[in-house]
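Asker: the amino acid sequence is not available; the structure is as follows:
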């Protein structure tokens, strides 16, 4: 306690200890204030055209700095006064110890309160307030310095990379108004320009303080806007790389497309020819219509070749991808159409083969000239070799011939149970009409 408030007078030893402690604190405060003066963040803030939150906090920090130096002067004067008193004699008198006690341990420091009044504070309380002001200013300086050290340099590097990518993109036709990626490049350019201006003018707007209590400057720069721009630039780079890839193999892909469409056209032409043949040779059969060539695909292929000739790679890239898929689908449809159109001819060929196979079987058994069999054979043959061929009637005739042949061959000496043994049938196994999945069987199923 201070002597003027009823406390005891400090002894010589207590005076010397207090004087040494306050001298050390005074030196530490001076070092800290000089460090604030030389701090890179302070020099940058003093010369910057600040805005927003940073402008407000820097204006307050300047007032706090001025107050810190003013209070430091008070401490210096008090310390100098105490040193002079103590230096008068080796063993101070009581009156001198009383004065030293008031200086070192009393609320004798008259400190302006900022509102025109004066507060009387002791060394410890004043030093505590100065430490709080110092921490406030240092927190601002560190935050601004960290943001300025981190973001503008990264923004400049990204802007340099963006400029190189923009030149490359323009060389392959990826420009604003001509390709979405070109528009995005322009937007990122504007965003980076604006971001740099905002970071320089208001660095604290891009500072995220650490949660809870922390030392001055605790936190990290907010790089979310920069990160979004960097990710968007990566996406555009991949798009430009894809366009460049199209430029490298465009001619080969166009040749493949022409070949696929040519094969589809030839297959469709073959299907149309086959349909005419089927209609002429087959009666009582549903023959599906055959589509004409894919004129729209051919027109788009001409457009793709024009894009390549004019180096419009950004337009050629998506068109080629679409054309490749649709051309394969067109070829597949053409093949399916040919198969569907020629199915009746395949059924007729199958019936002819079955008829001849049974006749050969009968010939080997010397039974082919049986009157009933000869009559049914001739009837089936006339139907199968007459144009237009009635497939339904022809199949019935073949079945009648086959049944008669089976009955004739199913004598006791040729197979048990009155049936021809499977191994005795032409080719072995089931008879052709009994084989699952045969064309004739499918035809019957469709009917």
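Answerer: Arrived safely, thanks for sending. Everything numeric here is computed off the predicted structure, so don't read it as measured data.
Asker: for residue 326, grab the count of nearby residues.
Answerer: Residue 326 has 17 neighbours, counted by other CB atoms under 10 Å. Placement of C-beta: from N, CA and C, glycine included.
Asker: with the one 4 residues further on instead?
Answerer: The local packing of residue 330 (other CB under 10 Å) involves 23 other residues.
Asker: over to the one 10 residues further on?
Answerer: When counting by other CB under 10 Å, one arrives at 17 neighbours for residue 340.
Asker: please list all residues in contact with it.
Answerer: By CB atoms under 8 Å, 6 or more residues apart in numbering, the residues touching residue 340 are residue 288.
Asker: do you know how far it is from residue 387?
Answerer: Note on residue 340: its distance to residue 387, by CB to CB, to the nearest Å, is 21 Å.
Asker: what do you get for residue 196?
Answerer: Relative to residue 387, and taking CB to CB, residue 196 is found at 85 Å.
Asker: within the helices and strands, which one has residue 76?
Answerer: If you go by DSSP states H and E, residue 76 is part of helix 52-86.
Asker: tell me what that helix is packed against?
Answerer: In terms of contact count using 3 or more CB pairs under 8 Å, 6 or more residues apart in numbering; DSSP states H and E, helix 52-86 is assigned the packing partners helix 12-38, helix 40-46, helix 94-105, strand 109-112, helix 123-171.
Asker: could you list the low-pLDDT ranges of the stretch 251-400 of the chain?
Answerer: Within the stretch 251-400 of the chain, the segments meeting pLDDT under 70 span 284-285.
Asker: quick one, helices of it?
Answerer: 295-309, 313-364, 371-384, 391-409 (DSSP state H, counting those that start in this stretch).
Asker: nearest to residue 158 among those helices would be which one?
Answerer: Distance to residue 158, taken as CB to CB, is lowest for helix 313-364 among the helices of the stretch 251-400 of the chain, at 22.8 Å.
Asker: tell me the angle the closest one makes with helix 371-384.
Answerer: Relative orientation of helix 313-364 and helix 371-384, computed by axes from the mean of the first three to the mean of the last three CA atoms, to 10 degrees: 160 degrees.
Asker: let me know the angle separating helix 313-364 from helix 123-171.
Answerer: Going by the same axes, to 10 degrees, helix 313-364 is angled at 60 degrees with respect to helix 123-171.
Asker: run a quick neighbour tally on residue 295.
Answerer: Residue 295: 8 surrounding residues under other CB under 10 Å.
Asker: hmm, I typed the wrong one, I wanted residue 195.
Answerer: 20.
Asker: tell me which helix or strand it sits in.
Answerer: Following DSSP H and E, one finds residue 195 within helix 180-201.
Asker: state the mean pLDDT of that helix.
Answerer: For helix 180-201, mean pLDDT rounds to 91.
Asker: quick check: next helix or strand after that helix?
Answerer: With DSSP H and E, the next secondary element past helix 180-201 is strand 207-209.
Asker: who are the packing partners of that next one?
Answerer: Strand 207-209 sits against helix 123-171, strand 219-221, with contacts defined as 3+ CB pairs under 8 Å, 6+ apart.
Asker: and the ones you listed as JSON lines, adding mean pLDDT, mean neighbour count and distance to residue 239?
Answerer: Below are those laid out as JSON lines (pLDDT from 0 to 100; neighbours: other CB atoms under 10 Å; distance: least, CB to CB, whole Å):
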{"stretch": "helix 123-171", "mean pLDDT": "88", "mean neighbour count": "17", "distance to residue 239": "8"}
{"stretch": "strand 219-221", "mean pLDDT": "87", "mean neighbour count": "17", "distance to residue 239": "29"}
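Asker: go through those and name the closest to residue 382.
Answerer: For those, the distance to residue 382 is smallest for helix 123-171, at 74.5 Å, taking CB to CB.
Asker: could you give the angle of the closest one to helix 12-38?
Answerer: 20 degrees.
Asker: can you name every helix or strand that helix 123-171 contacts?
Answerer: When contacts are defined as 3+ CB pairs under 8 Å, 6+ apart, helix 123-171 sits against helix 12-38, helix 40-46, helix 52-86, strand 109-112, helix 180-201, strand 207-209, strand 219-221, helix 224-281.
Asker: hmm, back to that, what's next to the helix holding residue 195, contact-wise?
Answerer: Taking CB under 8 Å, 6+ apart as the rule, helix 180-201 contacts 48-52, 54, 147-148, 151-152, 155-156, 158-159, 162, 165-166, 169-170, 174-177, 205-206, 225-226, 229, 232-233, 235-236, 239-240, 314.
Asker: with stretch 166-174 instead?
Answerer: By CB under 8 Å, 6+ apart, the surrounding residues in contact with stretch 166-174 are 175, 179, 181-182, 185, 189, 236, 239-240, 243-244, 247, 311-315.
Asker: buried ones in the helix holding residue 195, by neighbour count?
Answerer: 181-182, 184-185, 188-189, 191-192, 195-196, 198-200 (16 or more other CB atoms under 10 Å).
Asker: just put the residues you listed in CSV and tack on distance to residue 402.
Answerer: Output for these, formatted as CSV (distance: CB to CB, whole Å):
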residue, distance to residue 402
181, 70
182, 73
184, 73
185, 76
188, 79
189, 82
191, 82
192, 85
195, 87
196, 91
198, 92
199, 92
200, 97
